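In: Structure of the sequence below:
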Amino acid sequence: MSPPPVLRDLADWAVGLRWDDVPGAVREAAKDQVLSTLAAVHYGYRSPLGQPIARAFAPPAPGNARVLPTGAPAQPPQAAFLMAAWSMVLDYDDVMLGGHTGHSSVLVPWAHAREHSGRDLLLAQIVANEIAARINMVCAVGSTRGQMATHLHLIAAAAARARLVGLSAESYAEALSFALSYPAEALFPAFLGSDAKALCAAWPIRMGLDAVAAVGQGLRAATDPLDDPRGFFASRATVPVREFLGGLGERWHTLTNSFKAYPACGYLEAVLEAAEALSRQSPKNPDEISRVRVKASIFTVGMDAHSEPYLDGGRSPLVALTFSTPYTVACALLDGGLRPEHLAPPWTEDPQVWELAGKVQVEHDFDRTLAALVADIPIGAALRRVKPWQAAGFGLALAGKAWGRFGRWRRPWLTTRLALALGRAAGRREPLDLSRSTKPLGAEVTVITGDGRRLRQTVDTPRGFAGGDGPAEIRRLMRQKFLDATREDLGARADRALTDLERLDRLSADEVRHLVELLCFTASQVPQPELAEPVRSAS
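Out: Residues are numbered from 1 along each chain as shown. This is a model prediction of the structure:
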């Protein structure tokens, strides 16, 4: 029984891709993604959830993989599982047009790193990015986006592993099909109200890796899991945008990646950048601040609507804090930005932080909503491909979900205006072109002091996001992110590791094995559970 043509086309490309086929800009963007993801792993391990995750999912048996950053020997699936869980904890990841692929596309190759050259790792990462992002974008005009699209990691894990083990194109397609057998759906109470959010990539990764093993042992996958009338696209997409499946080797989703400068939801990055700038002149005593006004797009408004029910002051789940405008803005104003230590005690239990958080008001900005929705990223590239009435309907549904929880955000005339604007932007038929994609998730923050001063800061495109900083500045940001995350634990080895990571494509398998050891704690450096402390940003 042959795999469906869609998956076979993706598999043919993935199997046949050679290093010389990958443009230089894509190679460098992939390295930025490695730096960002490994930094997130280190930060997540040092977070309040790091040690509990390590204990709960300790490798049952040693293997030839190394779990970063501890260096514990494990079988590759367990190493990938743990690293993905830690990388997810603080939301300190990156996201391209098509999703938060790095948790799987980067970490599955690194779980197998001691067996492969640097080019092998990067090629597996790139094909995983491109395949998973394409399949996910078909479903972009649907009900599941962002990190809650956990099926993304089923696909990326299988795609990366199948490339590393050298499956034939037919077996590769079978592995993708098998991986798609059980695309679980994340639930908001778990995602925003529990520590299980840390596992939203880890669990699918294990399933994706198991799918490759299953096909290797002769198990057969579904004939057509994507296009069957009761298959993946039918269940996940309101309007499947199939054009995203094409353009292999011409359109590179890896180039559309946006990198976070703060450990929080991407819808908060502009807000926090503005708050950090204001912190230099804003009072540090909450009693001297009358009100903080945040004007942002429907994405930020909707994020707060979803996270607010799970906030409970100092007892709030860590994961809910990374989706909270009031809490993160309060930290940024009081301490010059949001850093990982702000997501752990004593900050999370500080009454002054919560006092100021109670003064933060989030308001919808229609113009920023429209700018964000018609831009390629996060969803405009898909919305422009559907029919006008379909785009308008999506706008109505999105506004209903984002504004429906709170009466003060109910604006029927504004909802109608949004639907009409999206309808006018839809119906495009020119070829997809992602070479100039942008992600203008902007915001305006105003601090109103007790003596009546108004301090205002606006950010249109956050630093590190597509369409803002160029490649050189993004690399600088990712270098610093990596060093801040690792230098405290690795010392001078962090700088040596950074040098090797930037020339990863030139490292032999032996050199990669040495790099893996550089990235691990020594036995004496692994913190004991009772001594674990919140992460501190290196200066």
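
In: got the residue ranges for the helices in the stretch 101-250 of the chain?
Out: In the stretch 101-250 of the chain, the helices defined using DSSP state H, counting those that start in this stretch lie at 102-105, 107-111, 118-138, 151-165, 169-179, 188-193, 202-216, 232-236.

In: May I ask which helix or strand of the protein has the lowest mean pLDDT?
Out: For the chain, counting by mean pLDDT, DSSP states H and E, helix 388-403 ranks last in confidence among helices and strands (a mean of 76).

In: Could you pull out the buried residues of it?
Out: 390, 391, 392, 393, 394, 395, 398, 399, 402, 403 (16 or more other C-beta atoms under 10 Å). All C-beta atoms are positioned from the backbone trio N, CA, C, and that covers glycine.

In: Which of the helices of the stretch 101-250 of the chain sits closest to residue 452?
Out: Closest to residue 452 of these, according to C-beta to C-beta: helix 188-193, at 36.5 Å.

In: Point out the other helices and strands that the closest one packs with.
Out: Packing partners of helix 188-193 (3 or more C-beta pairs under 8 Å, 6 or more residues apart in numbering; DSSP states H and E): helix 298-307, helix 318-321.

In: got the contact list for it?
Out: Contacts of helix 188-193 with the rest of the structure, by C-beta atoms under 8 Å, 6 or more residues apart in numbering, involve 147-148, 196-197, 200, 306-307, 309-310, 317, 319-320, 323.

In: Closest to residue 473 out of these?
Out: residue 147 (25.3 Å).

In: ok, the closest one - how many residues close by?
Out: When counting by other C-beta atoms under 10 Å, one arrives at 24 neighbours for residue 147.

In: need the contact list for it.
Out: 88, 91, 100, 186, 191, 197, 200, 201.

In: Using CSV, lay out those residues together with distance to residue 435, pLDDT and neighbour count.
Out: Putting the contacts of residue 147 into CSV (distance: C-beta to C-beta, whole Å; pLDDT from 0 to 100; neighbours: other C-beta atoms under 10 Å) gives the following:
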residue, distance to residue 435, pLDDT, neighbour count
88, 30, 97, 25
91, 28, 96, 24
100, 22, 97, 28
186, 32, 89, 20
191, 33, 93, 21
197, 34, 96, 24
200, 31, 95, 24
201, 28, 97, 28
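
In: Report whether the expected contact of residue 418 with residue 393 is present.
Out: No. Judged on C-beta atoms under 8 Å, residue 418 makes no contact with residue 393 at a distance of 11.4 Å.

In: got the buried residues for stretch 8-26?
Out: 8, 10, 11, 13, 14, 15, 17, 22, 26.

In: for stretch 296-313, same thing?
Out: Those would be 296-308, 310-311, for stretch 296-313 by 16+ other C-beta under 10 Å.

In: Nearest to residue 140 among those residues?
Out: Among the buried residues of stretch 296-313, and counting by C-beta to C-beta, the member closest to residue 140 is residue 299, at 13.6 Å.

In: Just list the residues touching the closest one, thanks.
Out: With C-beta under 8 Å, 6+ apart, residue 299 has these contacts: 267, 369, 372, 378, 402, 441.

In: Hmm, which of these is lowest in pLDDT?
Out: Ranked by pLDDT, these bottom out at residue 402, which scores 57.

In: rank the helices of the stretch 101-250 of the chain by pLDDT, which is bottom?
Out: Among these, helix 232-236 scores lowest, at a mean of 89.

In: After that one, which helix or strand is next?
Out: Using DSSP states H and E, the helix or strand that follows helix 232-236 towards the C-terminus is strand 258-259.

In: re earlier: tabulate the helices of the stretch 101-250 of the chain in JSON lines, adding columns for distance to residue 519.
Out: Formatted as JSON lines, the helices of the stretch 101-250 of the chain follow (distance: least, C-beta to C-beta, whole Å):
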{"stretch": "helix 102-105", "distance to residue 519": "16"}
{"stretch": "helix 107-111", "distance to residue 519": "9"}
{"stretch": "helix 118-138", "distance to residue 519": "13"}
{"stretch": "helix 151-165", "distance to residue 519": "19"}
{"stretch": "helix 169-179", "distance to residue 519": "28"}
{"stretch": "helix 188-193", "distance to residue 519": "29"}
{"stretch": "helix 202-216", "distance to residue 519": "19"}
{"stretch": "helix 232-236", "distance to residue 519": "36"}
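
In: out of those, which comes closest to residue 466?
Out: Among the helices of the stretch 101-250 of the chain, helix 118-138 sits nearest to residue 466 (C-beta to C-beta), with 13.0 Å.

In: How far away from the center of its chain is the closest one?
Out: 14 Å (C-alpha atoms, centre = their mean, to the nearest Å).

In: for that helix, packing partners?
Out: Right, helix 118-138 is packed against helix 5-16, helix 24-46, helix 102-105, helix 107-111, helix 151-165, helix 509-518 by 3+ C-beta pairs under 8 Å, 6+ apart.

In: CA atoms of the fifth one as CSV?
Out: Spelled out, that is helix 151-165. The C-alpha trace of helix 151-165 is given here as CSV (Å, rounded to 0.1, in the frame of the first residue of the first chain):
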residue,chain,number,x,y,z
HIS,A,151,0.6,17.8,16.1
LEU,A,152,3.5,19.9,14.7
HIS,A,153,5.9,17.9,16.8
LEU,A,154,4.6,14.5,15.7
ILE,A,155,5.6,15.5,12.1
ALA,A,156,8.9,17.3,12.9
ALA,A,157,10.2,14.5,15.1
ALA,A,158,9.4,11.8,12.5
ALA,A,159,10.8,14.0,9.7
ALA,A,160,14.1,14.7,11.5
ARG,A,161,14.6,11.1,12.6
ALA,A,162,13.7,9.6,9.3
ARG,A,163,16.3,11.8,7.6
LEU,A,164,19.0,10.9,10.1
VAL,A,165,18.5,7.1,9.8
